[in-house]
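**Q** just need the structure, nothing else, for what follows:
(2 chains)
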Protein chains: 2
Amino acid sequence: MSEEKEKVVIETETVLTALENEDFDGFRSLFLEQHPYDQAKMFVKLEQEERSRVYQYLSPEEMAALFENIEDEEYNYEMYLSEMDPRFASQMLEHMYADDAVDVLNELNKDQVASYLTIMDDEAAKEIRELLHYEEFTAGSIMTTEFIAIQANQTVKSAMHILKHEAPDAETIYYLYVIDEDKHLAGVISLRDLIVSDDDVMIGEIMSERVFSVSVGEDQEEVARKMRDYNFLALPVVDFQNHLLGIITVDDIVDVIDEEASDDYSKLAGVSDVDSIDRGPLSAAKKRLPWLVILLFLGMLTANLIGQFEETLDKVAILAVFIPLIAGMAGNTGTQALAVAVRRIAMGDEEEGNFKIIAREAGTGLINGAVCGVLVTGVVYFWKHDLYLGLLVGLSILATLTVATIAGAFVPLIMHRLKVDPAVASGPFITTINDIISILIYFGMATMFMQYLI
Amino acid sequence: MSEEKEKVVIETETVLTALENEDFDGFRSLFLEQHPYDQAKMFVKLEQEERSRVYQYLSPEEMAALFENIEDEEYNYEMYLSEMDPRFASQMLEHMYADDAVDVLNELNKDQVASYLTIMDDEAAKEIRELLHYEEFTAGSIMTTEFIAIQANQTVKSAMHILKHEAPDAETIYYLYVIDEDKHLAGVISLRDLIVSDDDVMIGEIMSERVFSVSVGEDQEEVARKMRDYNFLALPVVDFQNHLLGIITVDDIVDVIDEEASDDYSKLAGVSDVDSIDRGPLSAAKKRLPWLVILLFLGMLTANLIGQFEETLDKVAILAVFIPLIAGMAGNTGTQALAVAVRRIAMGDEEEGNFKIIAREAGTGLINGAVCGVLVTGVVYFWKHDLYLGLLVGLSILATLTVATIAGAFVPLIMHRLKVDPAVASGPFITTINDIISILIYFGMATMFMQYLI
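**A** Here you go, the predicted model:
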């Protein structure tokens, strides 16, 4: 691993030196030997002057391969494009896979998009224009139109001929889609099946008519789930009349799975986005402050609530000692239940009724509450030699854990029902809700049984 | 979506009816029409008697396709295998992709594995035995040996011939690996490049000698990262002498990415595993209790700590009101910092030094602490009309948030340095640590400035 890293560092330095020395041939031979992903990693670290030189040294096609591999966390596409000669930029976009070009263009304003599309080759501009219409996070937004379509009444030989011809431009050649005269999706054949078949067999005889497809408006998370479960390398995208519009390839899905998982993770932690690199404390603070301020005000509510019990507290100051314990346990069980519910919804595992889920969570909370409650009663009794205090804390834990577990599962279920992303119910939010619940239970019981505590 | 689900329900029912009526032909034609993933989903819901019938109605090869698609969360492999005739079971294992068969065998004890391997075809048994050696979570444990290898001194035509012959058994045919006489990995060629080349071109001329490979002991997470970044459909696995041992295909990687993300997520929530389906409250409670009990005892420490300040509390009972607010804010900032650090480590983004990360987190905590501190001072002042109390709570928030943010980032960094999975530092754990820190700061300051508060 460290050896590998060293190698990368040395290679990067040689490439940079060639660039600085304006060594056109040296730079090209060293740089183009790298995988485009590594080229992109080097490119984003360059200064503006060096980047300008790269635009001159590479062809639009070479630049396109690099550009497809830039990770867009920093949203610097606009800057890079503005540094290029407009004609070079539009030729580069033309050479990119249409879905990647659309990702780039989505970062620009409409005027800029229009001007690049105008100077672009008509066919490429048309493809991109079509893709620009689809809403973010749908199948349409991640599909590409560079697929290979054949007809059922062709022979294997003629299909192979089409394949050889279109292979350089297609995003995948490993599935060929069979369409009828009206462009309806009629079947699919894998390259594997094509290769093992004899030349004069008809496609219609060997194609599979049971095609898995996704509709263009489907959520990308749903598409990712299908692709993962069924192990497809590509999936066709159709409109409501089953016209073949595009395909989604597995590499795009890997990115979706990664993004969605990070997204759920960020929300559980109460951060707007943990994945993008924090350049400095100010930008990091900006990402975390919104949640903190909301939670601060919710915390004030909790404080206000305890304030209502000031009289009880004045009489029995020792009650304060167990506030963080009880509130903390409520928060912990709530977060657990929340995480289970959010993942369950994300995995599409919704075959059970909501009532059954809530009933099970209530049972889980009751068991955990009973175990923790008994433990706590014992410890407090031996520590403070006060059975009533022990019972109060133990019973509060029992009641709190039961209610907090139900709340942790209930909130995401409700959100899902209301078509809100259940992951929005972040961990800190549930924790604060459960702070309030636990304090009501604890001080409510303490006030009721006051006579035994003094 | 709901339409699709309805269709699935109807199909499932028809298949089940055929099975119950012992309708051999009806069951086979309906069941085998389904994708193996759907077959597996139906299969795991059957009763034992129905399953026995399935083993009789399907061939070992058909059963193998189904078995590859069972999700192993429930670890029922052993039960299914024991229900089958041993010869049927070993023939099924023979027909499975070697990496999937190994996953199944890993759930059994050594005696069982040995007995299945004994009655198995020799070659299949040898392949499986080789794979059984590799440690879990390494490249070796997820690779398969069913790849296509060719020689540099072959023509495209003869390579295509090999391909046609081996395609039915290979896990992927989309990359062909070029090896020398000693089985060293010498190059790679994609099927795409092969197809667009003329028949009599030599493989050595068109292959790429710059092959990305992973070493057999490499962490599967590292492999997944490479595959995602470089958009490969398969990666070759080599030993330290660059002998080609196997390949890893993208479908296995999709599962790895999914698992690892779920794993980090579970740990942030303090659950041992959120992904497996909880069958009932008892099994759910068992998964969550270990963390809860640990946290309960940590919470007792916190309670004990507040107990030390009972004198302060007796004098100024209002202090208790702000305990959950301050402890909660400490927990929230700590969880945010933790999540960012864990993801950063998971993404392999470690180019910066640890000192720089801690310095940035300190800055972030200071900014967030200052903003929240000022807000809180204002609110408490207007609410309680007590400037000193406001200042105490505000300053505590400032100090607490700074320290808690540093702690949240520091703990996973230390764990990573100690080669412990940083995600083990779960959210609830960090939250409880930060409870303790915040109470020390808050009551420490309150005791120091007691004279202004009474």
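
**Q** where in chain A is the helix or strand with the lowest mean pLDDT?
**A** Scoring the helices and strands of chain A by mean pLDDT, DSSP states H and E places helix A:2-20 at the bottom, with a mean of 73.

**Q** which strands and helices sit next to the helix or strand following that helix?
**A** For helix A:2-20, the following helix or strand on the C-terminal side (DSSP states H and E) is helix A:24-32. With contacts defined as 3 or more CB pairs under 8 Å, 6 or more residues apart in numbering or on different chains; DSSP states H and E, helix A:24-32 has these neighbours: helix A:2-20, helix A:36-43, helix A:48-57. Where C-beta positions appear, they are placed from N, C-alpha and C, glycine not excepted.

**Q** got the residues of the stretch 101-250 of chain A near chain B?
**A** Taking CB under 8 Å from any CB of the partner chain as the contact definition, the stretch 101-250 of chain A meets chain B at A:160, A:163-164, A:167-168, A:173-174, A:191-192, A:195-196, A:210, A:212, A:222, A:227-231, A:233, A:250.

**Q** which of these are buried? Put it as a PyMOL command.
**A** Buried members of these, defined by 16 or more other CB atoms under 10 Å in any protein chain shown, are picked up in PyMOL with:
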select buried, chain A and resi 160+163+167+173+174+191+192+195+196+227+228+229+231+233+250
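
**Q** for burial, what's the neighbour tally of the residue nearest to A:L319 when sequence neighbours are not counted?
**A** Spatial nearest neighbour of A:L319, excluding adjacent residues (CB to CB, 6 or more residues apart in numbering or on different chains): A:A446 at 5.6 Å. Per other CB atoms under 10 Å in any protein chain shown, the neighbour tally for A:A446 reads 22.

**Q** same check on the one 3 residues further on?
**A** A:F449 sits with 14 neighbouring residues when counted by other CB under 10 Å.

**Q** quick check: angle from whichever strand or helix holds A:D252 to helix B:250-269?
**A** Per DSSP H and E, A:D252 falls inside helix A:250-269. Angle of helix A:250-269 versus helix B:250-269, following axes from the mean of the first three to the mean of the last three CA atoms, to 10 degrees, is 0 degrees.

**Q** in the following helix or strand past helix A:250-269, which residues are buried?
**A** The C-terminal neighbour of helix A:250-269 among helices and strands, as given by DSSP H and E, is helix A:281-308. Neighbour counts over helix A:281-308 (16+ other CB under 10 Å) mark A:281, A:284-285, A:287-289, A:291-292, A:294-296, A:298-300, A:302-303, A:305-306 as buried.

**Q** run through who's touching the next helix or strand after helix A:281-308.
**A** Sequence-wise, the next helix or strand beyond helix A:281-308 is helix A:310-315, with elements assigned using DSSP H and E. If you take CB atoms under 8 Å, 6 or more residues apart in numbering or on different chains as the criterion, helix A:310-315 is touched by A:I306, A:L319, A:A320, A:F443, A:A446, A:T447, A:M450, A:I454, B:A317, B:I318, B:A320, B:V321.

**Q** least confident of the residues you listed?
**A** pLDDT is lowest at A:I454 among the contacts of helix A:310-315; the value there is 67.

**Q** now the stretch 1-150 of chain A against chain B: closest residue?
**A** A:Y37 (5.1 Å; CB to the nearest CB).

**Q** torsion angles phi and psi at the closest residue in space to that residue that isn't next to it in sequence?
**A** Spatial nearest neighbour of A:Y37, chain neighbours left out: A:N69 (4.5 Å); criterion: CB to CB, 6+ apart. With angles defined as degrees, to the nearest 10, A:N69 sits at phi -100, psi 0.

**Q** kindly report the same for A:E135.
**A** phi -70, psi 150.

**Q** what about it, how many neighbours?
**A** Neighbours around A:E135, by other CB under 10 Å: 10.

**Q** check contacts around the residue nearest to it when sequence neighbours are not counted.
**A** Using CB to CB, 6+ apart and skipping residues adjacent in sequence, the residue nearest A:E135 is A:S141, 6.3 Å away. Counting by CB under 8 Å, 6+ apart, A:S141 touches A:V102, A:L131, A:Y134, A:E135, A:Q220.

**Q** mind checking the SS state of the third one?
**A** Under DSSP: H, G, I helix; E, B strand; the rest coil, A:Y134 falls in the coil class.

**Q** just the ones of the residues of the stretch 101-250 of chain A next to chain B in helices?
**A** Of those, the ones assigned to helices by DSSP state H are A:M160, A:L163, A:K164, A:L191, A:R192, A:I195, A:E222, A:M227, A:R228, A:D229, A:Y230, A:V250.

**Q** look up how far A:T447 lies from A:I441.
**A** With distances taken as CB to CB, to the nearest Å, A:I441 is found 11 Å from A:T447.

**Q** who has more neighbours out of the two?
**A** Per other CB under 10 Å, whichever of A:I441 and A:T447 has more neighbours is A:I441, with 21 against 16.

**Q** next, the residue nearest to A:L319: phi, psi?
**A** Dihedral angles of A:A446 (phi, psi; degrees, to the nearest 10) stand at phi -60, psi -40.
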